[in-house]
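Chemist: Please find the sequence and the predicted model below.
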Amino acid sequence: MRIALVSLAAVVAVAAATPALANEARVEARGGVIWDGSNSEATLGVAAGYDYDLGETAFIGIQGSADKILTDDTRVSWGVGGRIGVVAAPGTKVYALADWQSKNCKYCNSAVGVGGGVQQDIGTRYYLKAEYQHLLIGDNTPDADRGLVGVGVKF
């Protein structure tokens, strides 16, 4: 767990120190499903982030999020993290991500999410994306997985 948190802190620190080229802010709405070995539930949320270009074909970014599992006895889980990736084709970003998420219920544990995704531009301002995350929870709580799709706008 400590290694994941240190890695996440390193990604955020590099993102904050990276010089800006053609930077891009983004805001999105997203939804999907979260599951563990025996349960699955729908989830909805929002995210906002900022990507820094690392030349013409690579980028690094930071992101904050708020997600809610759509079942009783859960609350909004707040997240902060980063992503790093490549521009695979014009308007297509492929990336790896890591983030920390607050606990989503009173007796739950916080989690570190690691995964990846793809973001596809629709025109010059809008995009669609799909992500997968494996949530490392710890404290003898089973890990979980999450699949998300989103639609967003870039600034």
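Modeler: That came through, no problem.
Chemist: and stretch 76-89, which residues are buried?
Modeler: Going by neighbour count (16 or more other Cβ atoms under 10 Å), the buried part of stretch 76-89 is 77-79, 81-85, 87. In short, each C-beta sits where N, CA and C put it, glycine included.
Chemist: With stretch 120-132 instead?
Modeler: 127, 129, 131-132.
Chemist: still on that earlier bit, and which of the buried residues of stretch 76-89 is nearest Val94?
Modeler: Nearest to Val94 among these is Gly85, at 5.4 Å by Cβ to Cβ.
Chemist: which residues of the chain fall in helices?
Modeler: Assigned by DSSP state H, the helices in the chain fall at 2-17.
Chemist: which regions of the chain lie under the pLDDT threshold?
Modeler: Within the chain, the stretches with pLDDT under 70 are 1-22.
Chemist: Just the strands from it, written as ranges.
Modeler: 24-35, 40-53, 58-69, 77-89, 92-101, 111-122, 126-136, 144-154 (DSSP state E).
Chemist: Pull up the pairing partners for the third one, direction included.
Modeler: This points to strand 58-69. Counting by DSSP bridges, the strands paired with strand 58-69 are strand 40-53 (antiparallel), strand 77-89 (antiparallel).
Chemist: End to end on stretch 66-77, go ahead and measure it.
Modeler: Using Cα to Cα, to the nearest Å, the end-to-end distance of stretch 66-77 comes to 6 Å.
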